[in-house]
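[1] After the sequence you'll find the predicted model.
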Amino acid sequence: MGEEAAAAAANGLNGGSPGRAVGGPTNPMVTPLLTDLYQFTMAYAYWKAGKHQERAVFDLFFRKNPFGGEYTIFAGLEECIRFIANFKITEEEISFLMQCLPPSCEDGFFDYLRELDCSDVEVYAIPEGSVVFPKVPLLRVEGPIAVVQLLETPFVNLINYASLVTTNAARHRFVAGKSKSLLEFGLRRAQGPDGGIGASKYCYMGGFDATSNVAAGKLFGIPLRGTHSHAFVSSYMNIDEIAEKSLCSSNGSTTCEDFVSLVQSWLGKIQRSKPLHGIFGETNQSELAAFTSYALAFPTNFLALVDTYDVMRSGIPNFCAVALALHSLGYKAVGIRLDSGDLAYLSCQARQFFGSVEKEFGVPDFGKTTITASNDLNEETLDALNKQGHEVDAYGIGTYLVTCYAQAALGCVFKLVEINNQPRIKLSEDVSKVSIPCKKRSYRLYGKEGYPLLDIMIGENEPPPKVGERILCRHPFNESKRANVVPQHVEELLKCYWPGLSGKQREELPPLEELRERCMKQLDQMRPDHMRRLNPTPYKVSVSAKLYDFIHFLWLNEAPVGELE
Ligand SMILES: Nc1ncnc2c1ncn2[C@@H]1O[C@H](COP(=O)(O)OP(=O)(O)OP(=O)(O)O)[C@@H](O)[C@H]1O
Ligand SMILES: O=P(O)(O)OC[C@H]1O[C@H](OP(=O)(O)OP(=O)(O)O)[C@H](O)[C@@H]1O
Ligand SMILES: O=C(O)c1cccnc1
Ligand SMILES: [Mg+2]
């Protein structure tokens, strides 16, 4: 740490911003060089023209909600703040940049880069974990144009996937329902290590209960959960492999010297029982060996993967034999995992079997034994299971969740909206791609029933909407779409997360648990028709009458008039 940085840390400052010191990005690959080359070439051109210190305002926003839905969850803000709080180009990186840029680039530019940090940058953002909508800035970044330009790529990178996968997780939670456990099992299928770590963090934010990813558990304190794999089951050849057979009872009062025989005697009882008789004959003994061995290792956490050989003819009766043996020693088995076949049918069959065991052997709550399902699950399969009726208590979801298979990217963009207090606009043939100019404020207006009605953007110096006061809200580009709103509650969306030299109070970065709670609460607050999977109602995003007029004035001003011959 350099002298200045050390002094800043000692004062609880980072880059001149008051508040608790902010640690570095989770991924050490997130450095100032994690940007596109053109950001550095533009920075040079700004510097060469003496324009690099001009004050610019950029908005970071997306244009369309993902997954065919009408909402998105905003995530990735903390990592952006961690990045700018520690933004410093090292001498080694400067040397590399000298090689990348043309030899004609003057040394003075590299001296400028050496001194560069984000102390003069201001970042206003919607709190992480919020429900957000297209066109409304998630971030408003102000500062000297050259440095803010360098932030474009890392900011968009840090927010795009984070928001996409959080939204994906929230959508899975919505279909699964609140009572089900959702376990993220995607690490092996994620797009590399960063994809895996990010997926675990943001799926938790979006409403998952736990992850199998141990590193994510350590980094973020996410609850860790897991079962075992088919390899564990098929690694056993027969029951004689188990050498250490003794198991102490749960209260420590007795020791069963031969747990294997106890399991076998319970299997015999299940086989001889009238109500269960006929469902199965001989079960697979190597599977029984695997389950018994696992129970000996984890008597208080016994959970078995039951589909290696045959779910109903082997896996379930073998599981029950081990679970009943554990029960006779005072333990309670956790449950089973199904990883193939018709999960609706098999979960119902398994539940029925557990119910019969409960009755037959008088084991309280055995019928409620947890059933976990996995195997290429996604929103559609969860929805199909709901429609068919099932008995699954927990889902382990990997590939479709973490790779965001249903949509490759969110498509966040970073657009210049003002320079030197002059509003700027980006035009496009496609109206939805026209940017909304000006340094703006955004508000969420709530109606009588407590639901958010719409988001409105206004010019920075316009008076904010007030509770009980009618305000005209206009579609930014469609003249005929407008509505008068009398809000019952008004929430300003952009808060100061990095004050630069403005002297404003900086919002603290809440722990992940709090972001998750915010996300759950916000989703609960939404009007149900915006949330439904099929043909959801679009949420309205609007601008004030004054901003509407200004957008269209600037549009006409900037767009050349065509000539027809
Ligand atoms: N009841 C159900 N309704 C709709 N989809 C289901 C149901 N049960 C399972 N699925 C899904 O159907 C797919 C079944 O996958 P697949 O055809 O590969 O069979 P499998 O059960 O995995 O067979 P295998 O034993 O060969 O692995 C998975 O995506 C799973 O999530
Ligand atoms: O199915 P996903 O949603 O990606 O969830 C994770 C999967 O990973 C594991 O097995 P893996 O897929 O590695 O092997 P398997 O399909 O042969 O069981 C597990 O059994 C799940 O099926
Ligand atoms: O713990 C599990 O069951 C698990 C973990 C990762 C992937 N598949 C399954
Ligand atoms: Mg699989």
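    That came through, no problem. Numbers count the residues shown, from 1 in each chain. Ligands and ions are numbered 1, 2, ... in the order given.
[2] how many other residues sit next to residue 529?
    Taking other C-beta atoms under 10 Å as the neighbour definition, residue 529 ends up with a count of 13. (Glycine included, C-beta is placed from N, CA and C.)
[3] Please read the previous query as pertaining to residue 472.
    Every residue meeting other C-beta under 10 Å relative to residue 472 is counted, giving 15.
[4] ok, now which ones touch it?
    The contact partners of residue 472, taken as C-beta atoms under 8 Å, 6 or more residues apart in numbering, are 482-484, 544-545.
[5] mind redoing it with 6 Å?
    484, 545 (C-beta atoms under 6 Å, 6 or more residues apart in numbering).
[6] Are the helix ranked longest in the chain and ligand 2 in contact anywhere?
    The residue-count maximum for a helix in the chain (DSSP state H) belongs to helix 145-176. No. Contact check for helix 145-176 against ligand 2, using C-beta under 6 Å from any ligand atom: none in range, with a minimum separation of 10.7 Å.
[7] following that helix, which helix or strand comes up?
    From helix 145-176 onward toward the C-terminus, using DSSP states H and E, the following helix or strand is strand 181-184.
[8] Does anything pack onto that following strand? Which helices or strands?
    With contacts taken as 3 or more C-beta pairs under 6 Å, 6 or more residues apart in numbering; DSSP states H and E, strand 181-184 sits against strand 394-397.
[9] Which residue is it, in the stretch 151-300 of the chain, that comes closest to ligand 1?
    Closest contact between the stretch 151-300 of the chain and ligand 1, by C-beta to the nearest ligand atom, is at residue 230 (9.8 Å).
[10] Distance of residue 109 relative to residue 53?
    According to C-beta to C-beta, to the nearest Å, residue 109 stands 13 Å off from residue 53.
[11] of these two, who's got more company?
    Taking neighbours as other C-beta under 10 Å, residue 109 and residue 53 compare with residue 109 leading, 21 against 15.
[12] Which residues of this structure lie near ligand 1?
    Counting by C-beta under 6 Å from any ligand atom, the residues of the chain near ligand 1 are 340-344, 375-377, 381, 384-385, 388.
[13] who wins for neighbours among these?
    Compared across the residues of the chain next to ligand 1, residue 343 has the highest neighbour count, 25 neighbours, by other C-beta under 10 Å.
[14] isn't that one right next to residue 373, touching?
    Yes. Between residue 343 and residue 373 a contact is recorded at 4.6 Å, counting by C-beta atoms under 6 Å.
[15] ok, so what distance separates residue 122 from residue 345?
    57 Å.
[16] All the helices of the stretch 1-150 of the chain, residue numbers only.
    Listed in chain order, the helices found in the stretch 1-150 of the chain under DSSP state H, counting those that start in this stretch are 3-10, 37-48, 77-85, 91-100, 107-115, 145-176.
[17] Could you do the stretch 301-450 of the chain as well?
    Taking DSSP H, counting those that start in this stretch as the criterion, the stretch 301-450 of the chain contains helices spanning 316-328, 343-361, 379-388, 399-402.
[18] in this structure, which segments are predicted with low confidence?
    Along the chain, the model assigns pLDDT under 70 to residues 1-19, 277-279.
[19] any idea how it splits into domains?
    Structural domains of the chain, as assigned by automatic domain parsing, span the residue ranges 3-170+407-558, 227-392.
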